[in-house]
Each structure stands twice: as C-alpha cells, then as structure tokens.
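A.B. asks: Coordinates for the following, if possible.
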Amino acid sequence: MVAKNTICLWYDTEAEAAARFYAETIPDSAIGAVHRAPADYPSGKAGDVLTVEFVVAGIPCIGLNGGPAFRQSEAFSFQIATDDQAETDRLWDAIVGHGGQESACGWCKDRWGVSWQITPRVLTAAMAAGGDEAKRAFAAMMTMRRIDVAAIEVARRG
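C.D. replies: Numbering: from 1, shown residues only. Below is the predicted model of the structure:
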C-alpha cells in the first residue's frame, strides 16, 4: 500500500546514497524503489536516479535528486528516540562520523545536510515530568552537544 503522506527530501545528486546510509544506520529503516529519469531534466540526464523511496524509523520518505537549487535546513529534522547511551552514541557517531557535523542539544547533521535530533527517552521523560525536574534536565541539556544520559539522570534527581 502506498502511504497517503510521504516526506520528500531534496538532495543535489545523492538521494540513493543517503537512503542506503539511513537504511543501514537507523532501526526500522529500509530502501525501496529507485526510479530513474525517463528523460533529461534541469539537474540531470535520462537514466540518472531521480527519486528513491525509503523508510526512516518507520516513516515513509522519498529522496528527490533535484540539483543544487535548494538546501536542507534545521526547519526539518528527524527526531530519533534512543533507549540508552550506547544507542545514542552509535547513532551520533554514525551520522557525525560519516561527514556530518555536531550541533547543540542533541542535534547533528548528516553529510547531506539533513538535521537529526538524537534524543534519549530519559530526556523526553524528564521534560514531560515538568516542574523542577524538567528545569534541571533542560539546563543540563543546554550544555551538551551529544546528550549524556547519565548526566540527564543526575539532573532529574536533583
């Protein structure tokens, strides 16, 4: 069944490479059909990969090789919930270590400029708890790049 709503991500020329990386890195992710351009188009030639169907953490996506006209921005990000520090580190290291870059508060970008929030569930739970617990966890998070699960747990307890 084709999804009613699909996230479309614009890439210059590497939608297939990005989709393969996501499928290999993010749980519950896979690459689907690869569609080639039936004719020349402004950013490519007939036969070039035009679109790639893929799933990221259960969310259907399509990658469009649209050329250099548009760039990714932090206005869109994938937020991936992690269960522990090991999972947080594995995802962070995969994204940043393959040409990506770190940012603040659990955010990073992959080498294609797509933003990711690698968010341990302990942080989400602390924020949902509200009150002083949320304030302490938030203050701790604001000092971090990659989220430190143990530090968030300490902050939650006060």
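
A.B. asks: okay, CA-based contacts and neighbour counts for the rest of this
C.D. replies: Will do.

A.B. asks: quick one, what contacts Cys61?
C.D. replies: With contact taken as CA atoms under 8 Å, 6 or more residues apart in numbering, Cys61 is in contact with 6-9, 53-55.

A.B. asks: out of the residues you listed, which is most surrounded?
C.D. replies: Phe54 (27 neighbours; other CA atoms under 10 Å).

A.B. asks: Show me what that one is bridged to.
C.D. replies: Beta bridges link Phe54 to Ile31, Cys61 when assigned by DSSP bridges.

A.B. asks: From Arg145, how far off is it?
C.D. replies: 28 Å (CA to CA, to the nearest Å).

A.B. asks: circling back to that earlier point, export the contacts of Cys61 as JSON lines, with columns for pLDDT and distance to Cys61.
C.D. replies: Formatted as JSON lines, the contacts of Cys61 follow (pLDDT from 0 to 100; distance: CA to CA, whole Å):
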{"residue": "Thr6", "pLDDT": "96", "distance to Cys61": "5"}
{"residue": "Ile7", "pLDDT": "97", "distance to Cys61": "5"}
{"residue": "Cys8", "pLDDT": "97", "distance to Cys61": "6"}
{"residue": "Leu9", "pLDDT": "98", "distance to Cys61": "7"}
{"residue": "Glu53", "pLDDT": "97", "distance to Cys61": "6"}
{"residue": "Phe54", "pLDDT": "98", "distance to Cys61": "5"}
{"residue": "Val55", "pLDDT": "97", "distance to Cys61": "6"}
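
A.B. asks: Including distance to Trp92, could these go into JSON lines?
C.D. replies: Output for the contacts of Cys61, formatted as JSON lines (distance: CA to CA, whole Å):
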{"residue": "Thr6", "distance to Trp92": "25"}
{"residue": "Ile7", "distance to Trp92": "22"}
{"residue": "Cys8", "distance to Trp92": "23"}
{"residue": "Leu9", "distance to Trp92": "20"}
{"residue": "Glu53", "distance to Trp92": "24"}
{"residue": "Phe54", "distance to Trp92": "20"}
{"residue": "Val55", "distance to Trp92": "19"}
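
A.B. asks: how about the nearest residue to Thr82, chain neighbours excluded?
C.D. replies: Spatial nearest neighbour of Thr82, chain neighbours left out: Pro120 (4.4 Å); criterion: CA to CA, 6 or more residues apart in numbering.

A.B. asks: Done for today, thanks.
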